[in-house]
Structures are given as structure tokens and as C-alpha cells.
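>>> Attaching a predicted model along with its sequence, questions to come.
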Amino acid sequence: MRPRVAKSSQSKYRRTMRTRRNLKRPVDNGRMRLSVFRSAKHIYAQIIDDRQGITLAAANSKSLGLSGNKSEQASAVGKALAEQAVTKGVKEVIFDRGSFRYHGRVKALADAAREGGLEF
């Protein structure tokens, strides 16, 4: 018997898995995955090597101690993540937005990562 779960968390889980299912095929080409998580106050991003199961680079607005509005913080996180990735030799990634729409903070992070040198 499956445990009962709130409908909102079920739909979020389904959205996340739908996004990840579409990403599985390109990851087999050797690209790393840029995963984004957005909370109410902060935004987190990391570059993951799914073959080895390790995180190559990570950045978040909490540890960077950023000020300004949330979109500006997200773009600063994207730039910081791109700098770390480029120094480790990662140029091409797959953008994994999870269950979040490509809009607002998520889009600001993606645009800043592209400006920083990442291709996706």
C-alpha cells in the first residue's frame, strides 16, 4: 500500500520526473547536468557528473552573501557557478530546471551562466 502524499507534492514530483526523463538521453553524450533548486529566499545551482555521481561545482545565494533582489542574486549565482565550471574544464552542460518554470530567477541564473561561458 502506498503512503498518502499531498496532491501538491505529487504534482511537483511528477513535473520533476518529466523534466529529468527528457534529460536522460543527452546526459549519455557525456555532458554534465546543471541542476537548479529554488527556495523562497535563496537559489542553489550545481553541476553534476551523473556517470560518476559527483558534484563538480556548486554555488548558492546563501553562501555568497548577496544583496539586492532575487533575480540579481540568481544572476550572481549563475556567474559564480560558470567561473567554477570553466576553471574545472566544463564547457557544455544540460540545464535541469527540475519542477520550476524557465522564468524569473531560473531564467536569470541560466542567462548569467551562459554569459559566464557555459553552453546549453
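Looks like it arrived, so ask away.
>>> Show me the strands in this structure, by range?
32-38, 43-49, 54-60, 93-96 (DSSP state E).
>>> among those strands, which is nearest residue 86?
Residue 86 lies closest to strand 54-60 among the strands of the chain, at 9.1 Å (CB to CB). Backbone N, C-alpha and C define where each C-beta goes, glycine included.
>>> The longest helix seen in the chain: how far from the chain's middle?
Taking DSSP state H as the criterion, the chain has its longest helix at helix 7-27. Centroid displacement of helix 7-27 relative to its chain, using CA atoms, centre = their mean, to the nearest Å, is 13 Å.
>>> start the count at 279, not 1, going forward
In the new numbering, first residue 279, that becomes helix 285-305.
>>> Quick one: residues in contact with that helix.
311, 328, 372, 374-377 (CB atoms under 8 Å, 6 or more residues apart in numbering).
>>> please redo it, this time with the cut-off set to 10 Å
With CB atoms under 10 Å, 6 or more residues apart in numbering as the test, helix 285-305 has contacts from 282-284, 309, 311, 313, 326-329, 370-379, 398.
>>> excluding its backbone neighbours, what's nearest residue 313?
Take residue 313 and drop its neighbours on the chain: the residue closest to it by CB to CB, 6 or more residues apart in numbering is residue 374, 4.6 Å away.
>>> which residues touch that neighbour?
Residues in contact with residue 374 (CB under 10 Å, 6+ apart) are 294, 297-298, 300-301, 305, 311-315, 323-324, 326, 328, 398.
>>> Quickly note the distance from the nearest residue to residue 349 once chain neighbours are set aside to residue 393.
Using CB to CB, 6+ apart and skipping the chain neighbours, the partner closest in space to residue 349 is residue 386 (4.5 Å). Distance, residue 386 to residue 393, by CB to CB, to the nearest Å: 11 Å.
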